[in-house]
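> Need coordinates for the below:
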Amino acid sequence: MVIKRRHWALPTVPLALVLLAATGCDSAPSAPNARPKPTAAPSTSVARVCAHPAAGPAKAPAGAVTVDPAVTGDLAAKTKSSPPNTTFWLRPGRHRLDPDRYAQVIPKKGNRYLGAPGAVLDGRKKNQYAFGGRARDVTIRHLTVRRFVAPPDEGVVNHDSADGWVIEHATIKDNSGAGLMAGARQRVRANCLRDNGQYGMNAYKAGGRISGLVVEGNEIVGNNTGDWERRRKGCGCTGGVKFWAVDGADVRGNWVHDNRGTGLWADTNNNDFRIEDNVLEANDGAALIYETSYNAVIRKNTIRRNNWVEGRKYADRGDNFPFATVYLSESGGEPRIRARTDKIEIYRNVLENNWSGITLWENADRFCNSPANTSSGDCTLLVKKTDRCARPAIAKAPLYADCRWKTQRVDIHDNRFVLDKSVVECTVKCDRMAVLANYGTYPDWSPYQGERVAEAITRKQHNRWHDNVYLGPWKFVAHDPSRVLDFGQWQGTPYQQDAGSTFRARDGG
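Numbering: from 1, shown residues only. Just a heads-up that it's a prediction; the model follows:
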């Protein structure tokens, strides 16, 4: 979705994720919009998925149907003629579907697809989809899926977002659209999702919510090769992974890097996320956006060198909005929505040499039934019927509160924030930590006009930084973009943020 921004104590991180020696900290190239140099693989087995994919079975398992790469369409034909719960073993070689653009494999319930070492399913830039249909509990392992041409916002693997799929040790690369879609109870583990045209994965299910999603141990790199934000300006339609209306997700142990846009983006009525033990680095945009969503734990992540391209672009245009590497937009904790937490808690992360830090934002003009709501007619999870959010009822409780996605109950603590401007190669606007909103103006019947939302997000909605460590020339923005504070002002009245935190500016910062 489009993000309408305006009308105007040392944490402990697991050794395997710190990556200080493995990745280095190279300076950016000198070109104004240059991105960080491609990152070297960290010294963890998870991070080396693309370079060293796990090999599949060299022989067909007992009872498996063998698929011959020399026979065009053999995989789809044998799938059609076999019963549910069949295991298919794809021989080494390049497997092809029939040349029709809609030719695809339609699994049956419980089917398993295992690739031998060197097994590749190649769309040849002719087929749109590799695996589709609505059969549940399908498994795909050890298979490379490449060169399919899914349309924008559609996916190649699990095209129809069927439930219960398991995709493991697969390489899904060089496809248009999304490498894969997601259904409920989907497990996406130890895959290489690389160089796909729009998304590595688009976790979207038409007409429904996705529950119980696990994204674990994947390398997600180089996606959005189609540069869709340029082609559809402001579309909000890219990312290493994009999540829509997902209720319950564990996103852990992934290496999300060098994507041409945002790394991880949860957009519109997501809830109950745990984002932990990931390495998020060198993405052109934010490492993480959590937008119009609820209840999350974001912990023990290593977040390095993100947002250099997009942050610099807006700064060079003179935009004073604090574009951050972790961006919470109209998202917060809500005890009335069932989850494993009733707040958004961000703790024990290391953020190093990103373009700015964490921004908490609310658009005062974005609410249910407002023309400025970019979430395509969606309403909050607290109001089922959008048209209830209208005058005069919206001006009073409970709709005054419930018709808004609110950035509230955000607890940011025990993180380490490191910034060396000589590494980022910036002089201004890359050093911000922020909590703010715009001045409400629209529509004319809005009950949120003026500074009401800015006052609420800054001082009344229980958003709190504390017990963090700051190293570098950090500045702090409160209420609106014009209020840029030093650390003493940030800690003092009336903001009283970062109690128990320490701050040390580096020489030359």
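> C-alpha only now, for contacts and for neighbours.
Fine.
> isn't residue 465 right up against residue 411?
Yes. Contact status for residue 465 versus residue 411: in contact at 6.2 Å, counting by CA atoms under 8 Å.
> what's the spacing between the nearest residue to residue 435 once chain neighbours are set aside and residue 96?
Closest residue to residue 435 apart from its sequence neighbours, by CA to CA, 6 or more residues apart in numbering: residue 360 at 4.6 Å. Taking CA to CA, to the nearest Å as the measure, residue 360 falls 48 Å from residue 96.
> same check, this time on residue 412
For residue 412 relative to residue 96 (CA to CA), the value is 50 Å.
> for residue 54, same thing?
Counting by CA to CA - residue 54 and residue 96 are separated by 22 Å.
> hang on, residue 241 in a strand?
Yes. Under DSSP: H, G, I helix; E, B strand; the rest coil, residue 241 falls within a strand.
> check contacts around it.
Residue 241 makes contacts with 199, 200, 201, 202, 203, 263, 264, 265, as judged by CA atoms under 8 Å, 6 or more residues apart in numbering.
> which residues pair with it across the strands?
residue 201, residue 264 (DSSP bridges).
> cool, and residue 350?
What pairs with residue 350, by the bridge criterion (DSSP bridges), is residue 302, residue 416.
> which residues does it contact?
Residue 350 neighbours (CA under 8 Å, 6+ apart): 11, 13, 300, 301, 302, 303, 304, 415, 416, 417, 418.
> and if you look at residue 448?
With the criterion set at CA under 8 Å, 6+ apart, residue 448 makes contact with 364, 365, 440, 441.
> Now with 6 Å, please.
Applying CA atoms under 6 Å, 6 or more residues apart in numbering, we find residue 448 in contact with residue 440.
> same question, residue 418
Residue 418 neighbours (CA under 6 Å, 6+ apart): 352, 471, 472.
> Compare those and tell me which is most surrounded.
In terms of neighbour count, residue 352 stands highest of the contacts of residue 418 at 23 neighbours, by other CA atoms under 10 Å.
> Roughly how far does it sit from residue 343?
For residue 352, the distance to residue 343 - CA to CA - is 25 Å.
> Same check on residue 319?
Residue 319 is 30 Å from residue 343, by CA to CA.
> the more surrounded of these two?
The neighbour comparison of residue 319 against residue 343 (other CA under 10 Å) goes to residue 343, with 24 against 15.
> isn't the more buried one right next to residue 409, touching?
Yes. If you go by CA atoms under 6 Å, residue 343 and residue 409 touch, sitting 5.2 Å apart.
> Sketch out the low-pLDDT regions of this protein for me.
Applying pLDDT under 70 to the chain flags the ranges 1-47, 375-376, 507-509.
> Let me see the contact set for the residue most central in space within the chain.
For the chain, residue 264 is the residue whose C-alpha lies nearest the centre (CA atoms, centre = their mean; 1.5 Å). By CA under 6 Å, 6+ apart, the contact list for residue 264 reads 240, 241, 288.
> 10 Å - rerun?
201, 220, 238-243, 251, 256-257, 275, 280, 283, 285-290, 326 (CA atoms under 10 Å, 6 or more residues apart in numbering).
> Equivalent analysis for residue 256, please.
Residue 256 touches 47, 193, 200, 217-223, 240-241, 262-264, 278-283, 287, 303, counting by CA under 10 Å, 6+ apart.
> out of these, which are inside strands?
193, 200, 219, 220, 221, 240, 241, 264, 279, 280, 281, 303 (DSSP state E).
> Do I have it right that the third one meets residue 194?
Yes. Because the distance of 7.7 Å satisfies CA atoms under 10 Å, residue 219 is recorded as touching residue 194.
> Give the residues shared as contacts by these two.
Joint contacts of residue 219 and residue 194 (CA under 10 Å, 6+ apart) are 50, 171, 200, 240.
> Out of these, who's the most crowded?
Ranking the shared contacts of residue 219 and residue 194 using other CA under 10 Å puts residue 200 first, with 36 neighbours.
> what residues do residue 465 and residue 411 have in common as contacts?
Contacts common to residue 465 and residue 411, judged by CA under 10 Å, 6+ apart, are 346, 347.
> gap between the two ends of stretch 247-266?
11 Å.
> buried set for that stretch?
Buried residues in stretch 247-266, counted by 16 or more other CA atoms under 10 Å: 247-266.
> what distance separates it from the centre of its chain?
4 Å (CA atoms, centre = their mean, to the nearest Å).
> for stretch 482-494, same thing?
30 Å.
> If you count neighbours, what's buried in that stretch?
Buried residues in stretch 482-494 (16+ other CA under 10 Å): 484, 485, 487, 490, 491.
> What sits closest to the fourth one if chain neighbours are left out?
It stands for residue 490. Spatial nearest neighbour of residue 490, chain neighbours left out: residue 497 (5.7 Å); criterion: CA to CA, 6+ apart.
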